[in-house]
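Asks: Next comes the sequence, and after it the predicted model I'd like to discuss.
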Amino acid sequence: GAVVSQHPSWVICKSGTSVKIECRSLDFQATTMFWYRQFPKQSLMLMATSNEGSKATYEQGVEKDKFLINHASLTLSTLTVTSAHPEDSSFYICSARPSSGGTEAFFGQGTRLTVV
Amino acid sequence: AQRVTQPEKLLSVFKGAPVELKCNYSYSGSPELFWYVQYSRQRLQLLLRHISRESIKGFTADLNKGETSFHLKKPFAQEEDSAMYYCALDRGSTLGRLYFGRGTQLTVWP
C-alpha cells in the first residue's frame, strides 16, 4: 500500500522558535497533500491543502502566517510552525492523495509538537 | 459548510454482539463519505467508502441520503475491532480533502 511518512515523529521546541515538519509520500507522487491538527481526545481538524508548485489553501480560521506550508516537490510537503507558543502544542497529521487517481488519501503517522 | 456528527464518543459492546456506530452529515452538495479507523498506536487508515459498497472486516455502511446518515455496522463484533472510528466527508471539490467527525472509541469486551 501507499506509505506516507512524517518527520519528526515528535519534537519539543522553545516558545518563540520555529519548527518544521516534513510529510513525504514514499512510493507515490502526490500533487495534493493535506495537513490536519488533532487536539487530545478530539477529532482531526483540516488546516490546509498543500498544492505542489502553488500556494496552499487554508481553512477558515487558520493563520497562514503562523503555519507556513511549502510543497516543493511531488513527494514532499512541509509545515513550519512559526514563532511557536504553548498553545500550538498539538498532534499534526498529514495525508496525501496519489496523483495517479482515486479518492483515497493516505495518512502519515503524525508529529507530536510540544512547545515549552 | 459541511458538518459530520458522530453522537457517541464511547461505545462498548461484548464480543459477538452487533455494533452500530452512527454518523450523520450535513452538506448541500453530493459528498463522498468514508469511515477511517485508528487502532492503538497506529496511523489512520481507510476502512470503508460509500461508493465502493464493500464489506471490510465484516463492517458495512450504507449511505442514506434521505436521513443524511452513513452508519457503520457489524453483526458480530470481535475484540480486535476495538479502535477509534472516524466518519469523514469529502465534498468532492478537492479529492482527499476530508472533514472528520469527532470519532467514536469502540471497545469490544471479551
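Replies: Right, received. Where do you want to start?
Asks: Contact partners for residue 37?
Replies: Looking at chain A here, since you left the chain open. By Cβ atoms under 8 Å, 6 or more residues apart in numbering or on different chains, residue A:37 lies in contact with A:44-45, A:47, A:90-93. Where C-beta positions appear, they are placed from N, C-alpha and C, glycine not excepted.
Asks: The chain in question should be chain B.
Replies: Contacts for residue B:37 were tallied using Cβ under 8 Å, 6+ apart; they are B:44-45, B:47, B:83-86.
Asks: Please report how far it lies from chain A.
Replies: Look at residue B:37 and chain A: by Cβ to the nearest Cβ, to the nearest Å, they are 11 Å apart.
Asks: tell me the secondary structure for that residue?
Replies: The local conformation at residue B:37, judged by DSSP: H, G, I helix; E, B strand; the rest coil, is strand.
Asks: Identify the residue nearest the closest residue to chain A within chain B in space, chain neighbours excluded?
Replies: Nearest residue of chain B to chain A, counting by Cβ to the nearest Cβ: residue B:96, 3.3 Å away. Ranked by Cβ to Cβ, 6 or more residues apart in numbering or on different chains and with sequence neighbours excluded, the top spatial neighbour of residue B:96 is residue A:97, at 3.3 Å.
Asks: in chain A, which spans are helices?
Replies: All residues of chain A lie outside helices when identified by DSSP state H.
Asks: give me every residue that touches whatever residue of chain A ends up closest to chain B.
Replies: The minimum distance from chain A to chain B, using Cβ to the nearest Cβ, falls at residue A:97 (3.3 Å). Contacts of residue A:97 were listed using Cβ under 8 Å, 6+ apart, and they are A:30-34, A:103-106, B:95-96.
Asks: Could you tell me which residues of chain B lie near chain A?
Replies: Counting by Cβ under 8 Å from any Cβ of the partner chain, the residues of chain B close to chain A are B:32, B:43-46, B:49, B:51, B:86, B:90, B:94-103.
Asks: Just the buried subset of the residues you listed, please.
Replies: Neighbour counting over the residues of chain B next to chain A (16 or more other Cβ atoms under 10 Å in any protein chain shown) leaves B:32, B:43-44, B:46, B:49, B:86, B:90, B:95-103 as the buried ones.
Asks: Now the two most distant members of these.
Replies: B:95 and B:102 (23.1 Å; Cβ to Cβ).
Asks: beta partners of the residue nearest to the spatial centre of chain A?
Replies: What sits nearest the mean C-alpha location of chain A, by Cα atoms, centre = their mean, is residue A:35, with 3.7 Å. Here residue A:35 sits in beta bridges with residue A:48, residue A:94, as judged by DSSP bridges.
Asks: list the contacts for it?
Replies: For residue A:35, the contacting residues are A:23, A:46-48, A:50, A:67, A:69, A:77, A:79, A:92-94, taking Cβ under 8 Å, 6+ apart as the criterion.
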